[in-house]
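Q: got a structure for you, letters missing:
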């Protein structure tokens, strides 16, 4: 029963996520917290692990959650559930693209979805920042994490302005790791 629940819940996440993994975080959060599969601290760790390991965040999060809940079969069920909608969409979309690509309703729907997606991703980022800087379990404010976050945000904005090229995510990861080792 747990394996079927993992499959169905991650199928829902895969089917209703728009805009990639960062758009999925609220759905993953709601799912794992409401079912008691994880607490907030475990979720933050899951997202950190999922982000820093190779592969898509949603797939990594599904795999780890499934394994945590039901071992290898749970891992397989959650992973299949989260990738199945994308797989099916990629089979269907090319067949419909010629007919619907420039359709006014599709274009208007996409224009409506994009600001919503930006809001969801921004709200998720702010929520995660609050949870990381001031975890509820400890009730303490961690100025060091806020300092690292502020530095990386400023660096991400200023680097392209002065270097005339975008900042490498690898550089950001290395900088954050170095700052974490020094400050934490």
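A: All right, it came through fine. What you are looking at is a predicted structure, and each value in this text was computed from that prediction instead of being measured.
Q: Quickly find the element holding the residue with the largest distance to the centre of the chain.
A: Farthest-out residue of the chain from its mean C-alpha position, per C-alpha atoms, centre = their mean: residue 99, at 31.9 Å. In this assignment (DSSP states H and E), residue 99 forms part of helix 57-100.
Q: now the following helix or strand past that helix against helix 57-100, angle please.
A: Once the chain leaves helix 57-100, the next helix or strand it forms, by DSSP H and E, is helix 104-133. Calculated by axes from the mean of the first three to the mean of the last three C-alpha atoms, to 10 degrees, helix 104-133 forms an angle of 170 degrees with helix 57-100.
Q: Show me what helix 104-133 is packed against.
A: helix 21-34, helix 40-52, helix 143-163 (3 or more C-beta pairs under 8 Å, 6 or more residues apart in numbering; DSSP states H and E). From N, CA and C alone the C-beta is placed, and that goes for glycine too.
Q: repeat that for 10 Å
A: helix 21-34, helix 40-52, helix 57-100, helix 143-163 (3 or more C-beta pairs under 10 Å, 6 or more residues apart in numbering; DSSP states H and E).
Q: Can you list the buried residues in the least confident helix or strand in the chain by mean pLDDT?
A: Taking mean pLDDT, DSSP states H and E as the measure, helix 104-133 is the helix or strand of the chain with the lowest mean score, a mean of 81. Buried residues in helix 104-133, counted by 16 or more other C-beta atoms under 10 Å: 117, 120, 121, 124, 128, 131, 132, 133.
Q: cool, stretch 160-179 as well?
A: With burial defined by 16+ other C-beta under 10 Å, the residues of stretch 160-179 counted as buried are 167, 175, 176, 179.
Q: Tell me which residues are up against that stretch.
A: 51-52, 144-145, 147-149, 151-152, 155-159 (C-beta atoms under 10 Å, 6 or more residues apart in numbering).
Q: How far does it sit from its chain's centre?
A: 20 Å (C-alpha atoms, centre = their mean, to the nearest Å).
Q: Quick check: the gap between residue 176 and residue 183.
A: To residue 183, residue 176 is 10 Å away according to C-beta to C-beta, to the nearest Å.
Q: How about residue 108?
A: From residue 108 over to residue 183 (counting by C-beta to C-beta), the distance is 47 Å.
Q: hmm, back to that, can you list residues touching both of residue 176 and residue 183?
A: 148, 151.
Q: Quick check: which ranges of the chain have low pLDDT?
A: 19, 135-139 (pLDDT under 70).
Q: care to break it down by domain?
A: 2-140, 142-184 (automatic domain parsing).
Q: Packed most tightly, which of these would that be?
A: Ranked by average neighbour count under the criterion mean count of other C-beta atoms under 10 Å, those are headed by domain 2-140 at a mean of 16.
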